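Trainee: Okay, sequence plus prediction incoming.
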Amino acid sequence: MCGRYVNVASTSDLQAEFDVEETIGEDLPPSWNIAPTDPVRIITRRRSHGGDAEQPVVQLRTVRWGLVPSWSRSRATGAKMINVRSETMATKFRVPAGRRRGLSPSLGYYEWRRVGHGKVPYFLHGADGELLALACLYEIWRDPELPDGHPDRWLWTSAIITRPATDALGHIHDRCPVIVPPDLYEAWLDCGGDPAVARDLLDRIPEPHLQPRVVGSAVGNVGSDGPELIEPAAIDRDRPVR
């Protein structure tokens, strides 16, 4: 799964990396410990916000991490639905798989490996520290408890798509995020409504080859943040590290 990740890219860097044409929502500071229900940046392709253009444009949006499906009765659903399995995405989430695919920019993510009776945290990242584009779905939920015209009436949320992990990642956890390569950005964001297209695209996305790094236990506290979280941990003989 993917339960914590890092995004420290500035708005201008994200705009340049993904050829963003429109930025919507509040700016966010860098975070080395993004947790479920936190606000996050995602890349989408939609018609211009409040504009008259017929053609969709690439947008940088601020949403909440944790998918709240359109049929949900409460926004509390999102706290549990932070990941969507690639194997069932096109059947369980047909509408967003066909119409609302996005990218979650990330420097890397955290995973915990079971060792003995404990767990060891790892930071998984690109070999050259490159920006990663995690495949995601997003939803737009109407809060039935808020009146028309309320600024929070519509809630935008997202979930990261995961796949079975192999290679060096498989020994840490059995699942990992789907990472979209740059040559498939456009196809992934081009949502025509058919969920089968998303399934075919997933088959074309190569398995990630990331670098695992043991980090300190502070990342387990959602209140912790800062670049020190991704620094290599000092070996402690009392800590279950192999």
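Mentor: Structure received. Residues are numbered from 1 along each chain as shown.
Trainee: Report whether the expected contact of residue 161 with residue 136 is present.
Mentor: Yes - the pair residue 161 / residue 136 is scored as a contact, 6.2 Å apart, by CB atoms under 8 Å. Where you see a C-beta, it was placed from the backbone N, CA and C, and this is true even at glycine.
Trainee: more crowded one of these two?
Mentor: residue 136 (29 against 26; other CB atoms under 10 Å).
Trainee: where does the chain have low pLDDT?
Mentor: Scanning the chain for pLDDT under 70 picks out 49-53, 167-170, 235-242.
Trainee: Which parts of this protein are strands?
Mentor: Here the chain has its strands, by DSSP state E, at 4-7, 22-24, 31-34, 39-46, 57-65, 83-85, 101-106, 108-115, 118-125, 132-142, 154-164, 175-177, 211-214.
Trainee: so which of those strands comes closest to residue 198?
Mentor: The closest of the strands of the chain to residue 198 is strand 101-106. By CB to CB, the value is 6.1 Å.
Trainee: Does anything pack onto that closest one? Which helices or strands?
Mentor: strand 4-7, strand 39-46, strand 132-142, strand 154-164, helix 185-189 (3 or more CB pairs under 8 Å, 6 or more residues apart in numbering; DSSP states H and E).
Trainee: Any chance you could list what contacts stretch 195-203?
Mentor: With CB atoms under 8 Å, 6 or more residues apart in numbering as the test, stretch 195-203 has contacts from 86, 89-91, 93-95, 97-98, 101, 135, 161, 163, 178, 184, 187-188.
Trainee: In this structure residue 233 contacts residue 218, no?
Mentor: No - applying CB under 8 Å as the test, residue 233 and residue 218 come out as separate, 9.5 Å apart.
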